[in-house]
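# I'd like to go over a predicted model; first the sequence, then the structure.
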Amino acid sequence: MIFAEDLSSDIPTEAATVKTILCVFALVQFAVVASASEPITIPECSVRPDERAVLASGQPGVIAEVKVSEGDRVDVRELLVRLFDDEAKAALAAAAKQADNDVSYRYAVKAAELSQVEYEKVLEGNRRTPGTFPDIEVRRLKLDAERARLEIEQAQHEQAMAKLSEDEAAARLKLMHVRAPFGGFVTHVMKSEGEAVQDGSPILELISTRKVKVEGAVDVHLLPRINPGQRVEVRVEDPLLAEILRHPVLEGEIVFVDTQVQPVDPKVRVWARVDNPDNRIPAGVLAVMTILNEEPASTEDGS
């Protein structure tokens, strides 16, 4: 009896212990869920132009005209630099004239029609009166008709080749003009009018901050919570600069999550592409990027 009483007295204690463990486990689970849903804040992120290009000459020559200066805003496909191109323009005009010339083709068609008529007349004459025209004459006229048809094909081939020559001349002229591959700002002009350039010689630098690339590093344990496509918000880190810029907040999305951990500091590199209308955050400043851990939108049927 004493043993039974002692055993029954221990039951409430064990139940309380189990209850306590379950409560602690539930609290831990709640904390994990709450932590997973919290935004991730990354300080000291770099802000760089999303598009940057050093534009070069595609053809050796001498610069005839530089149409822009540092700080100028340019539109996509706008002409920025022109090499002396008089010779290239003349070559294009001559090639275009040759490509449009179809005299050889039209003559070949007329000649083929005549040769075919002559051949058919001979055949018709021999059908009415056999032996009127000797076999060698018939064969000669047949060969003339076939040769005339081939001359049509030759004329077509020559005209096609002339068109290709025109395209080649146009491409050569195009290489003597440097145009903006995207709209942006000219940040550096490296050559002046009258300078000689070689194929590939850099002439000017162009950037666009219509979108910016915001890059930072996060602790490796946060890596499972970050995926391409997640929305982000970006703010200027320096309070004084933020005040001057009127506290702009830009929105974008994660584009890249590195899979390699930095050797010195256990962090991984991430970057986002962010819309930057009116250059609200200038490139080169430090920013704070907040990765939003939003739940996916539910469908109407609750799935």
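Thanks, I have the structure now. The structure presented is a predicted model; accordingly, all values stated were derived computationally and were not measured.
# can you pull out the helices in this protein?
2-37, 86-100, 103-128, 135-174, 239-244 (DSSP state H).
# ok, the closest residue to residue 102 other than its chain neighbours - how many residues close by?
Spatial nearest neighbour of residue 102, excluding adjacent residues (CB to CB, 6 or more residues apart in numbering): residue 159 at 6.2 Å. (Glycine included, C-beta is placed from N, CA and C.) Residue 159: 18 surrounding residues under other CB atoms under 10 Å.
# I figured residue 159 hits residue 103, correct?
No. Taking contacts as CB atoms under 8 Å, residue 159 lies outside contact range of residue 103: 9.9 Å.
# okay, now the domains of the chain?
What the record gives for the chain is the domain set 40-51+207-291, 84-176, from the TED database.
# first-to-last residue distance for the last one?
Chord length of domain 84-176, first to last residue, is 8 Å (CA to CA, to the nearest Å).
# avg pLDDT for it?
For domain 84-176, mean pLDDT rounds to 94.
# how far does it sit from the chain's center?
Relative to its chain's centre, domain 84-176 lies at 44 Å (CA atoms, centre = their mean, to the nearest Å).
# do you know how far residue 52 is from residue 191?
18 Å (CB to CB, to the nearest Å).
# can I get the domains of the chain in TSV with distance to residue 199?
Output for those, formatted as TSV (distance: least, CB to CB, whole Å):
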stretch	distance to residue 199
domain 40-51+207-291	24
domain 84-176	8
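# about what we covered before: identify the residues contacting the residue nearest to residue 102.
Residues near residue 159 by CB atoms under 8 Å, 6 or more residues apart in numbering: 99, 101-102, 104-105.
# now do the same end-to-end measure for stretch 272-284.
15 Å.
# list the contacts of that stretch.
Contacts for stretch 272-284 (CB under 8 Å, 6+ apart): 47-50, 207, 209-215, 232, 234, 236, 245, 248, 250-255, 287, 289.
# sort out which of the residues you listed are buried, if you could.
47, 49-50, 207, 209-215, 232, 234, 236, 245, 248, 250, 252, 254-255, 287, 289 (16 or more other CB atoms under 10 Å).
# looking at those residues, which are in strands?
47, 49-50, 207, 209-215, 232, 234, 236, 250, 252, 254-255, 287, 289 (DSSP state E).
# bridging residues for the closest residue to residue 259 other than its chain neighbours?
Excluding the flanking residues, the one nearest residue 259 by CB to CB, 6+ apart is residue 268, at 7.6 Å. Residue 268 has these beta-bridge partners by DSSP bridges: residue 218.
# who's in contact with residue 268?
Applying CB under 8 Å, 6+ apart, we find residue 268 in contact with 217-218, 220, 223, 257-262.
# quick one: neighbours of the closest residue to residue 175 other than its chain neighbours, just the number.
Nearest in space to residue 175, with sequence neighbours left out and distances taken as CB to CB, 6+ apart, is residue 58 at 3.5 Å. Residue 58 has 18 neighbouring residues, counting by other CB under 10 Å.
# hang on, residue 58 packs against residue 173?
No. The criterion here is CB under 8 Å, and residue 58 misses it with residue 173 at 10.5 Å.
# quick check: the residue nearest to residue 191 when sequence neighbours are not counted vs residue 229, distance?
Distances taken as CB to CB, 6+ apart put residue 203 closest to residue 191, at 4.7 Å, once the chain neighbours are dropped. When distance is defined by CB to CB, residue 203 is 38 Å away from residue 229.
# neighbour count winner among those two?
Set side by side, residue 203 and residue 229 show more neighbours around residue 203, with 21 against 7, by other CB under 10 Å.
# contact partners for that one?
55-57, 63, 66, 80-81, 178, 189-191, 197.
# pick out the lowest-pLDDT one from these.
Scoring these by pLDDT puts residue 57 last, at 91.
# tally up the residues packed near the residue lying closest to that one once chain neighbours are set aside, please.
Excluding its sequence neighbours, the residue lying closest to residue 57 (CB to CB, 6+ apart) is residue 197, at 4.4 Å. Neighbour count for residue 197, taken as other CB under 10 Å: 21.
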